[in-house]
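Student: here is the input, now give the coordinates:
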Amino acid sequence: MKNDQSIGVITFYQFPRSIKYLLIKHRKGHWSFPKGHSDKGETKLETALRELKEETAVSKIQLLKKSVMLKEVYKFTDRKGVKTLKKVNYFIAEAKNKKVKIDNKEVVNFKWCTFKAGLDKITFNESTSILRKADKIIRKYINDK
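Tutor: Predicted structure coming up:
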């Protein structure tokens, strides 16, 4: 079994009447959060911020913490039959503006979604579970402000 690790950022924005989450549609067709692989010598935080900026052009953010807040682990088999154990570490950040510009290389679409719409939009169950956990953390963070 192959091991694969990605790092991403669950990004939210406080619209006037709701919190919305930034979801992207990856070129492979699934909806999820911005994420990617580390470049040599990068820290997890550097990777997360670079991937967010590369995929969405979002760079004005406020991290809830400068450490990984959520972890996703799942197994999948690719088209060639290769089994992979995938680990994704997520930071959580508040976007300071809602402007998004996708890169069109890795990302084909984006959407700011409410929690409920996000649950419907996200392709894989593991990621809907991460959204549920993130939503609880974010609502507590906003209420404690």
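
Student: can you give me the helices in this protein?
Tutor: Listed in chain order, the helices found in the chain under DSSP state H are 44-56, 115-121, 125-144.

Student: would you list the ones you listed in CSV and tack on mean pLDDT, distance to Lys66 and mean neighbour count?
Tutor: Just so you know, the C-beta spots here come from the backbone N, C-alpha and C atoms, and that holds for glycine as well. Below are the helices of the chain laid out as CSV (pLDDT from 0 to 100; distance: least, CB to CB, whole Å; neighbours: other CB atoms under 10 Å):
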stretch, mean pLDDT, distance to Lys66, mean neighbour count
helix 44-56, 97, 6, 20
helix 115-121, 97, 24, 16
helix 125-144, 95, 14, 15
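
Student: in JSON lines: the ones you listed, plus distance to Thr77.
Tutor: JSON lines is the format used below for the helices of the chain (distance: least, CB to CB, whole Å):
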{"stretch": "helix 44-56", "distance to Thr77": "24"}
{"stretch": "helix 115-121", "distance to Thr77": "24"}
{"stretch": "helix 125-144", "distance to Thr77": "15"}
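
Student: pull up the gap between Ser67 and Lys28, please.
Tutor: Ser67 is 29 Å from Lys28, where distance means CB to CB, to the nearest Å.

Student: which residues touch stretch 54-63?
Tutor: Stretch 54-63 has contacts (CB atoms under 8 Å, 6 or more residues apart in numbering) with 9, 11, 22, 24, 34, 36, 45, 49, 52-53, 91-97, 99-103, 106-107, 110.

Student: pull out the buried members of those.
Tutor: Taking 16 or more other CB atoms under 10 Å as the criterion, what is buried in the contacts of stretch 54-63 is 9, 11, 22, 24, 34, 36, 45, 49, 52, 91-95, 100, 102, 107, 110.

Student: just the ones of these in strands?
Tutor: Residues of the buried ones among the contacts of stretch 54-63 located in strands (DSSP state E): Val9, Thr11, Leu22, Ile24, Gly36, Phe91, Ile92, Ala93, Glu94, Ala95, Val107, Phe110.

Student: can I get stretch 87-98 in PDB? Just the C-alpha atoms.
Tutor: This file holds the C-alpha atoms of stretch 87-98, laid out as PDB (Å, rounded to 0.1, in the frame of the first residue of the first chain):
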ATOM      1  CA  LYS A  87      -3.600  11.400   5.200                       C
ATOM      2  CA  VAL A  88      -4.700  15.000   5.000                       C
ATOM      3  CA  ASN A  89      -3.800  17.600   7.700                       C
ATOM      4  CA  TYR A  90      -6.000  20.700   7.800                       C
ATOM      5  CA  PHE A  91      -5.500  24.100   9.200                       C
ATOM      6  CA  ILE A  92      -8.600  26.300   9.700                       C
ATOM      7  CA  ALA A  93      -8.700  30.000   8.500                       C
ATOM      8  CA  GLU A  94     -11.000  32.800   8.200                       C
ATOM      9  CA  ALA A  95     -10.800  34.600   4.800                       C
ATOM     10  CA  LYS A  96     -10.700  38.400   5.100                       C
ATOM     11  CA  ASN A  97     -12.400  38.900   1.800                       C
ATOM     12  CA  LYS A  98     -14.500  36.600  -0.400                       C
END
